[in-house]
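**Q** the following comprises the amino acid sequence and a computationally predicted model.
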Amino acid sequence: MVAVATAVARSLRGAIGDGQNLALVAKNRVSEADDVAVRIAARSLAKRGADYTTEVRRLLDSALAVMARHGTASKARVADIVAEAGLSNDAFYRHFPSKDALVLALLEDGTERLARYVAHQMDKAPTAEGKVRKWVEGMLSQTSEPTATTTLAILAYGNGHPDPSVDHYNASVPVAALLVAPFRDLGNADPGPDTLLVAHAVIGRVSDFLWSRTHPTAADLDRIAAFCLRAAI
């Protein structure tokens, strides 16, 4: 009997051990399956993200092209923009709830491009005064063609009745940030508020040139640069 009992116990222990091993294997397989599912889902999301990025860029570039053609005489429709992009209305509304949202994105995209260009120009100046002047030159470059026509078209769209659900974008902030370091070097202990005021003023002056379809003279450049330098002190 003892031998039988011992054999039964040994068999039970083996069965329990085998059960635990099987459970562990099953758990590992589920975990591995989850890992595979996560990887596949991640790849799908990455591809979709890349596709969506391409869609948005096509819509932005096409909107700029269509708005430049229309100018301020008439406003482009969503149908015009998606036709130019070779996309569908569904693709447009997947990314933008309204045309106002698209215009806001164009403003943001254009401002970021301008900020990168101005920063590059400022890097060429060895002094703080020179950097401020380069900043002014870069900002006034928006009044030159073909940039002027496109910028004016975007301003014309933005001067309508915006969708209240669309967040406001302050175009002064990224370009004002470029003046913080040179203003500080010129002795301004708290340059943030002053650079923002300067950016507002210069963007307003650029807008004046655009709407009047005039170009700043050398005297205008000197006057605006002098104004900015006074604000830095």
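**A** That came through, no problem.
**Q** got the phi and psi for the residue nearest to the spatial centre of the chain?
**A** By Cα atoms, centre = their mean, the chain has its centre lying nearest to residue 109, at 5.7 Å. Per-residue torsions, residue 109: phi -60, psi -40 (degrees, to the nearest 10).
**Q** pretty sure it sits against residue 60.
**A** Yes: under the criterion of Cβ atoms under 8 Å, residue 109 makes contact with residue 60 at 5.8 Å. To be clear about C-beta, it is placed using only N, CA and C from the backbone, and glycine gets the same treatment.
**Q** before we move on, back to that, which ones are touching the residue nearest to the centre of the chain?
**A** residue 60 (Cβ atoms under 8 Å, 6 or more residues apart in numbering).
**Q** gap between it and residue 174?
**A** 11 Å (Cβ to Cβ, to the nearest Å).
**Q** okay, and the common contacts of these two?
**A** In contact with both residue 109 and residue 174: no residue, using Cβ under 8 Å, 6+ apart.
**Q** now the helix or strand hosting residue 130: how far from the chain's centre is it?
**A** Element membership for residue 130 (DSSP states H and E) is helix 128-140. With Cα atoms, centre = their mean, to the nearest Å as the basis, helix 128-140 stands 24 Å off its chain's centre.
**Q** buried stuff in the following helix or strand past it?
**A** Past helix 128-140, further along toward the C-terminus, the next helix or strand under DSSP H and E is helix 147-158. Residues of helix 147-158 classed as buried by neighbour count (16 or more other Cβ atoms under 10 Å): 147-148, 150-157.
**Q** using a markdown table, lay out the residues you listed together with pLDDT.
**A** Below are those laid out as a markdown table (pLDDT from 0 to 100):
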| residue | pLDDT |
| --- | --- |
| 147 | 86 |
| 148 | 88 |
| 150 | 83 |
| 151 | 85 |
| 152 | 83 |
| 153 | 80 |
| 154 | 80 |
| 155 | 79 |
| 156 | 75 |
| 157 | 72 |
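**Q** distance to residue 114 added to the residues you listed, as JSON lines?
**A** Formatted as JSON lines, the buried residues of helix 147-158 follow (distance: Cβ to Cβ, whole Å):
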{"residue": "147", "distance to residue 114": "9"}
{"residue": "148", "distance to residue 114": "13"}
{"residue": "150", "distance to residue 114": "12"}
{"residue": "151", "distance to residue 114": "9"}
{"residue": "152", "distance to residue 114": "14"}
{"residue": "153", "distance to residue 114": "16"}
{"residue": "154", "distance to residue 114": "12"}
{"residue": "155", "distance to residue 114": "14"}
{"residue": "156", "distance to residue 114": "18"}
{"residue": "157", "distance to residue 114": "17"}
